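Trainee: Any chance you can model this:
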Amino acid sequence: ERDKLKEDGFKYNGYVYDSDMISLINIVGKMMELLIKLVVEKENIENIEKFIWRTKDNQDILHSVEDFCGVFHSLAQYGTVVYINSWLKKKQLMEDLTTIEEIELFSPLLN
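Mentor: Numbers count the residues shown, from 1 in each chain. Below you'll find the predicted structure:
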């Protein structure tokens, strides 16, 4: 359930972006590219050209560095919330166990 939620997509600025593993790698890669331009190459943020990033429903959206930082931040928040909810659900399931038999049968994989 957690893994499916992780890949359902996340929202930023009214758009839904992909959050599957390939998309995550692409977003992190683009963020690293922007950070290298800003930090290593000391490029002014105003001089970094806007670029297109595609939404989950294939809309091409123009992004500035600031916009993309928002996308990146939203992805990180989304992943954190999905994991926290998963841990809380698992914790509640474990706390609901009342007998030795239930404890022995409990699977941490929740299947």
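Trainee: Now do the same for Ile61: helix, strand or coil?
Mentor: Counting by DSSP: H, G, I helix; E, B strand; the rest coil, the backbone at Ile61 sits in strand.
Trainee: Tell me who's in contact with it.
Mentor: Contacts for Ile61 (Cβ atoms under 8 Å, 6 or more residues apart in numbering) come out as 15, 52-55. From N, CA and C alone the C-beta is placed, and that goes for glycine too.
Trainee: hmm, 6 Å instead?
Mentor: Trp53 (Cβ atoms under 6 Å, 6 or more residues apart in numbering).
Trainee: ditto for the one 3 residues further on
Mentor: Residues touching Ser64, when contacts are defined by Cβ under 6 Å, 6+ apart, comprise Lys50.
Trainee: Quick check: phi and psi on it?
Mentor: For Ser64, the backbone dihedrals (degrees, to the nearest 10) come out as phi -90, psi 180.
Trainee: now stretch 50-60, how far from the centre of its chain.
Mentor: Here stretch 50-60 is found 16 Å from its chain centre; the criterion is Cα atoms, centre = their mean, to the nearest Å.
Trainee: can you list the residues that contact that stretch?
Mentor: 9, 15-18, 61-64.
Trainee: Show me the residue at the heart of this structure, geometrically.
Mentor: What sits nearest the mean C-alpha location of the chain, by Cα atoms, centre = their mean, is Leu75, with 3.2 Å.
Trainee: From the contact counts, what lies against the lengthiest helix in the chain?
Mentor: Counting by DSSP state H, the longest helix found in the chain is helix 65-95. Contacts defined by 3 or more Cβ pairs under 6 Å, 6 or more residues apart in numbering; DSSP states H and E place helix 65-95 against helix 2-6, strand 10-12, helix 21-35.
Trainee: Just give the number of residues close to Ser74.
Mentor: Applying other Cβ atoms under 10 Å, we find 18 other residues in the vicinity of Ser74.
Trainee: Same check on the one 3 residues further on?
Mentor: Gln77 is surrounded by 12 other residues when neighbours are defined as other Cβ under 10 Å.
Trainee: which residues touch the closest residue to it other than its chain neighbours?
Mentor: Counting by Cβ to Cβ, 6 or more residues apart in numbering, Phe10 is the residue found nearest to Gln77 once chain neighbours are left out, at 8.0 Å. Applying Cβ under 6 Å, 6+ apart to Phe10 gives the contacts 17, 19, 74-75, 78.
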